[in-house]
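>>> Dropping the sequence and predicted coords here.
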Amino acid sequence: MSSLDPRSLIAMAVFMSLVMGVVLAFMRHYYPRNIRGLREWACAPLAWALGALLHLVTSAQWLQAPLFLANACVLGGLLLFHLGCRRFLQQPDLKTVLLGIWLAALVSVAWLIWVAPSYPLRLAFVSLTIAALHAWTLALLWRHGPRRFPVRLVQATQALHIAALLVRAVTALARYQDAGLMEPSFMQVLHLGMHVTVVLLLTIGAVLMATDRVHTEFEHMATHDSLTGALNRRAILAKCQEERDRALRQPQSFSLMLLDLDHFKAVNDTHGHQHGDRVLQHFTQSVQAVLRRTDRLGRYGGEEFVALLPGTDAVAAQTLARRIHVALASGHALDCQVSIGLTGWQGVHDTVDAMLARADTQLYRAKAQGRNQTCAG
């Protein structure tokens, strides 16, 4: 165990924490500003690094002030990590609550250093406090975090560390004897090794969560219309082709709607383009409120939209179309009228282009018959 003595592991923790803190600081500088929490995530490992350095200083038992500051840094780093998670998930900061928890924990640590000194009791208290903070962050990520690998990595790391900390607290209380942090015992080396691993995995998890968020936002920007939030032309056509391919494998009907806002040019000319943009946004929200979770709405161009209706025959599609007309006649100031051309899949020889052509024909038929109606064929 000489190559993995406590001093070496603490030095490793300092190095890993500093490196990951610098990485997260660079990410905060270069990543989009709407990715919140990176500042707190960058400060957390730096606080852990300082805490580890102070623990090295406290190898001399008479140096109690650095020991207190070391615990303050470790606990403060965990609270910073929790605050970063809150900001990343756009949840309330609770900074006053976090500060209160930190101060209360430090009062208890100070009591166990200067008033009633006891290394086993202090070790058990700090271990249980860290476990509680991990559990709080884990619950936060479980309730509000995306069900994706980076979040699962952080949760798994915290769950593992909670188990290890509970064991450490129990063994510390069971032994109830003064044993320094630098004692080269198996349990001490195992605990410090776990600490190094946890610091590394938590910061890697933070890096991956931020990177995953950026990737998700770029993917959304590449597939969605920036004004309305509906799928863009390329994305909705790809979804239509996917549905057609699925229908070939598992024969099941689906339908397409082509929707065109009536007199939209007059709206722009009369009220201006900003008002026209708000009309498009209101139209998109109204239609999506009617469509089902499995349906897809895309902006085909200008004021023209495509709605993909999986597993929907002509009768059900016309029912949805009627509901759209009703939703757009609710009396809202931005309500508009829409003409809809509707068609269904006609079998293995049918294509997306052919369906769109039929829907377009029906759309112009609806326009010719007076607008604000649905024609199917």
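Yep, that arrived.
>>> Do I have it right that Ala329 meets Arg323?
No. At 10.9 Å, Ala329 does not count as touching Arg323 under the criterion of CB atoms under 8 Å. In this view, the C-beta of every residue, glycine as well, is placed from N, C-alpha and C.
>>> In terms of secondary structure, what does the helix or strand encompassing Leu128 contact?
Here Leu128, judged by DSSP states H and E, is contained in helix 119-144. Helices and strands touching helix 119-144, by 3 or more CB pairs under 8 Å, 6 or more residues apart in numbering; DSSP states H and E, are helix 64-88, helix 95-110, helix 149-175.
>>> and the spatially most central residue of the chain, which of the three is it?
Geometric centre of the chain, nearest residue: Pro146, 4.6 Å, by CA atoms, centre = their mean. Secondary structure state of Pro146, per DSSP: H, G, I helix; E, B strand; the rest coil, is coil.
>>> For it, list the residues it contacts.
Residues counted as contacts of Pro146 (CB atoms under 8 Å, 6 or more residues apart in numbering) are Asp212.
>>> now do the one 3 residues further on
By CB under 8 Å, 6+ apart, the contact list for Phe149 reads 208, 212.
>>> From Ala156, how far off is it?
10 Å (CB to CB, to the nearest Å).
>>> Mind listing the shared neighbours of these two?
By CB under 8 Å, 6+ apart, no residue touches both Phe149 and Ala156.
>>> who are the neighbours in contact with Phe264?
276, 279, 302-303, 336.
>>> Doesn't Gln285 lie inside a helix?
Yes. Counting by three-state DSSP, Gln285 is located in a helix.
>>> residues near it, how many?
14 (other CB atoms under 10 Å).
>>> what's the answer for Gly77, then?
Gly77: 25 neighbours (other CB under 10 Å).
>>> For this structure, give me the ranges with low pLDDT.
1-4, 58-63, 176-186 (pLDDT under 70).
>>> Show me it divided up by domain.
Using automatic domain parsing, the domain ranges for the chain come out as 2-223, 233-376.
>>> Just give me how far the shortest one sits from the chain centre.
A distance of 31 Å separates the centroid of the chain from that of domain 233-376, by CA atoms, centre = their mean, to the nearest Å.
>>> Which SSE is immediately downstream of the helix or strand encompassing Thr216?
Here Thr216, judged by DSSP H and E, is contained in helix 186-223. Using DSSP H and E, the helix or strand that follows helix 186-223 in sequence is helix 233-249.
>>> residues of that following helix that come out buried?
Of the residues in helix 233-249, 235-237, 239-240, 243-244, 247 count as buried by neighbour count, 16 or more other CB atoms under 10 Å.
>>> And the contacts of stretch 325-333?
With CB under 8 Å, 6+ apart, stretch 325-333 has contacts from 282-283, 286-287, 289-290, 335-338, 340, 372-374.
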